[in-house]
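J.: Prediction below, plus the sequence it came from.
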Protein chains: 2
Amino acid sequence: MSTPNIREIAADLAAVAALMEIADNLGIFHLLTPGATVSAAELAGAAELPEHGVTSFLEALVAAGLLEWTESPRRFRVSDDFADRTYEAGYLSWSLGANRPFIEHAAEFLRDPVGAAAAHRRNGRHVAVSSRWIGAKGFYPAAIDTIVAVAPRRIVDLGAGAAGLLIDLLGRLPEATGVALDLSGDACREAGRRAAEAGLAERLEVVERSVESLAQDPSPVRGADVIHAGFVFHDVIQDADVFDLVLKNCHEAMRPGGIMAITDAVPYAPDERERRFSALFTYLHASSMGVRLPSEEEWLDRFTAAGFAQAECRAHRFPTGRLFVATKS
Amino acid sequence: MSTPNIREIAADLAAVAALMEIADNLGIFHLLTPGATVSAAELAGAAELPEHGVTSFLEALVAAGLLEWTESPRRFRVSDDFADRTYEAGYLSWSLGANRPFIEHAAEFLRDPVGAAAAHRRNGRHVAVSSRWIGAKGFYPAAIDTIVAVAPRRIVDLGAGAAGLLIDLLGRLPEATGVALDLSGDACREAGRRAAEAGLAERLEVVERSVESLAQDPSPVRGADVIHAGFVFHDVIQDADVFDLVLKNCHEAMRPGGIMAITDAVPYAPDERERRFSALFTYLHASSMGVRLPSEEEWLDRFTAAGFAQAECRAHRFPTGRLFVATKS
């Protein structure tokens, strides 16, 4: 029997993404560290699952090349390319998993965007997990390089979620302190737990507040050398006056020489490597989240208007993503 | 600003699949014929959607390279590679869309497969649409070539769904008649409608019955030159005695020289181009659908045991898919 000789990349990516989502929903994904070894018994114990079921699933992961048998019986080694495959899976999981309510109710979102948005919400955890999978190679590296390069003593992350970026940064910058600001109480509690686990409770402050609230009270950003925000300012900017005030307050409150590092998106990026994902990202934000993404020029103009001496736009690997860096003189 | 120079294939495939699922849920996908031109007004009219919303969506499809502007204002041309992109999207849509209940409730399926299977069913339409997207290039071509080559006068399709394959075949074989057998009343009604639309009402008979019922009464397959079944025999074979009886009855009832052409799957196909998708397909069938896929050898042995003079296995482009062809002497 001869098998056709075409690589089925779409089938490969789809299968790996589905298997990774299953691993995540089984509660074992975070235990699959590239290069580490695991056993079904350990994973079943950690996730309180039947061991025979976990064994079947790990055998599927071996068949898919995500795990390998080891010489030790019943131990599996996580493949070295697991992180690359996770990054790819992130795009599939975000597009077709996290956004499922927007896809399934697409007609309702066209007919009655406000009603549909109230009725069909995304699962916050699914959004966060798939964004993290993409971000690990798609947008965190450029942000981290930029932030570490200014050797900051105080870093504020706006919309910090579970503070993953800050915990990474404080690990690299032993003299620095951080503030994790987020609107979600759940995210803030998780950030506090993770900071404590990482031995960073003394250096990481958690503030449960909206980014918009900085228009009234910029105290959380006072004295910052770096203010970072990932994919939150495109929400704030829908009210241009509030956005301008937040930016102005950030500029005033931060130390001279400090930077704002904003990871966000531009609409309908035209070049070949970005256009498809950018089209989906732009369309879903407009049709289902009420977000009109500002252009690169509009982002830069607003930084200048807020008083920043200089603002520039750098590319992220993440298609349609941009890192805006605005410097206070 | 320099953009990284890596093609983001996962992002491309994910975005295109999500946009195609949106088009399908908007009720306009079937109007997007490769190379044809469409307008927002036509599509909005056909799907009873607001025209300005459809216009925004079509602009997203243009940005993603799935449509192009034409010289005529407000008319769009569907890209020539739309069918290739649909085929790829099928794998993502099946894996991460149609199987969503199995992915989301993966832990429940491990702990209580029977209870979970009763509680979390897939959307039949989503399964059918994504399978059709894959099938158009993944498994229908090999089946059609094989069937047309024997110049059949009577073709029976077991588990025929909406009779897409039979309608295609009867179009190519003007002397032939067909029988579409399916368990689902909805599918049978849809098959009847489509046959009438295609002017095939006289040549296509629709039978609402299970494949298993052929163990008692093989009259629907009597006199067939070709009996086709796509992805239904792996359910039947879970009761080996019923399966053997169905096969034996098919053998007896069909004309000498006729063939059975069975499109189905083998478990954990090991080669590089199949292993990932095969792993997902095999795992989901075992964990969430109660289906243990038979090996290639087991399939072939059972055809021989049922009396067929010869049985062979051919590859489908669809990873893990096989076309079993059994000939009655």
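T.: Received the coordinates, thanks.

J.: Strands along the stretch 1-150 of chain A, start to end?
T.: Per DSSP state E, counting those that start in this stretch, the stretch 1-150 of chain A carries strands over the ranges A:37-39, A:67-69, A:75-78.

J.: To chain B, which of the ones you listed lies closest?
T.: strand A:67-69 (10.5 Å; C-beta to the nearest C-beta). (Each C-beta comes from the backbone N, C-alpha and C, glycine too.)

J.: State the paired neighbours of that closest one in the sheet, together with their directions.
T.: strand A:75-78 (antiparallel) (DSSP bridges).

J.: still on that earlier bit, in TSV, list the strands of the stretch 1-150 of chain A along with distance to residue A:292.
T.: Formatted as TSV, the strands of the stretch 1-150 of chain A follow (distance: least, C-beta to C-beta, whole Å):
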stretch	distance to residue A:292
strand A:37-39	45
strand A:67-69	44
strand A:75-78	42
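
J.: Of those strands, which is nearest residue B:249?
T.: The minimum distance between residue B:249 and these falls on strand A:67-69, with 43.5 Å, by C-beta to C-beta.

J.: show me the contacts for the nearest residue to residue A:281 once chain neighbours are set aside.
T.: Of all residues not flanking residue A:281 in the chain, residue A:320 sits nearest, at 5.1 Å (C-beta to C-beta, 6 or more residues apart in numbering or on different chains). Contact analysis of residue A:320 by C-beta atoms under 8 Å, 6 or more residues apart in numbering or on different chains lists A:265, A:266, A:267, A:269, A:274, A:277, A:278, A:281, A:282.

J.: possible to save the strands of the stretch 1-150 of chain A as CSV with mean neighbour count and mean pLDDT?
T.: Shown next, in CSV, are the strands of the stretch 1-150 of chain A (neighbours: other C-beta atoms under 10 Å in any protein chain shown; pLDDT from 0 to 100):
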stretch, mean neighbour count, mean pLDDT
strand A:37-39, 17, 97
strand A:67-69, 16, 96
strand A:75-78, 18, 97
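
J.: Need the contact partners of the host helix or strand of residue A:229.
T.: For residue A:229, the host element (DSSP states H and E) is strand A:226-230. Strand A:226-230 is contacted by residues A:135, A:139, A:143, A:147, A:150, A:152, A:154-159, A:165, A:211, A:221, A:250, A:254, A:258-264 when judged by C-beta under 8 Å, 6+ apart.

J.: So what sits opposite residue A:227 in the bridge?
T.: Beta bridges link residue A:227 to residue A:156, residue A:260 when assigned by DSSP bridges.

J.: what about the closest residue to residue A:235 other than its chain neighbours, how many neighbours?
T.: Closest residue to residue A:235 apart from its sequence neighbours, by C-beta to C-beta, 6+ apart: residue A:291 at 6.3 Å. By other C-beta atoms under 10 Å in any protein chain shown, the residues close to residue A:291 number 17.

J.: Residue A:291 against residue A:285, yeah?
T.: Yes. Between residue A:291 and residue A:285 there is a contact under C-beta atoms under 8 Å: 4.0 Å.

J.: what touches both of these two?
T.: residue A:234.

J.: For the stretch 201-329 of chain A, just list every one of the strands.
T.: Under DSSP E, counting those that start in this stretch, the stretch 201-329 of chain A gives strands at A:204-208, A:226-230, A:259-265, A:310-315, A:321-327.

J.: Can you add mean neighbour count and mean pLDDT and give those back as JSON lines?
T.: Output for the strands of the stretch 201-329 of chain A, formatted as JSON lines (neighbours: other C-beta under 10 Å; pLDDT from 0 to 100):
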{"stretch": "strand A:204-208", "mean neighbour count": "20", "mean pLDDT": "98"}
{"stretch": "strand A:226-230", "mean neighbour count": "26", "mean pLDDT": "98"}
{"stretch": "strand A:259-265", "mean neighbour count": "24", "mean pLDDT": "97"}
{"stretch": "strand A:310-315", "mean neighbour count": "16", "mean pLDDT": "95"}
{"stretch": "strand A:321-327", "mean neighbour count": "23", "mean pLDDT": "98"}
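
J.: For residue B:170, find the nearest of those strands.
T.: strand A:259-265 (49.7 Å).

J.: got a list of contacts for the closest one?
T.: A:139, A:142-143, A:146-147, A:150, A:225-231, A:233-234, A:247, A:250-251, A:254, A:278, A:281-282, A:285, A:293, A:299, A:303, A:308, A:316, A:320-328.
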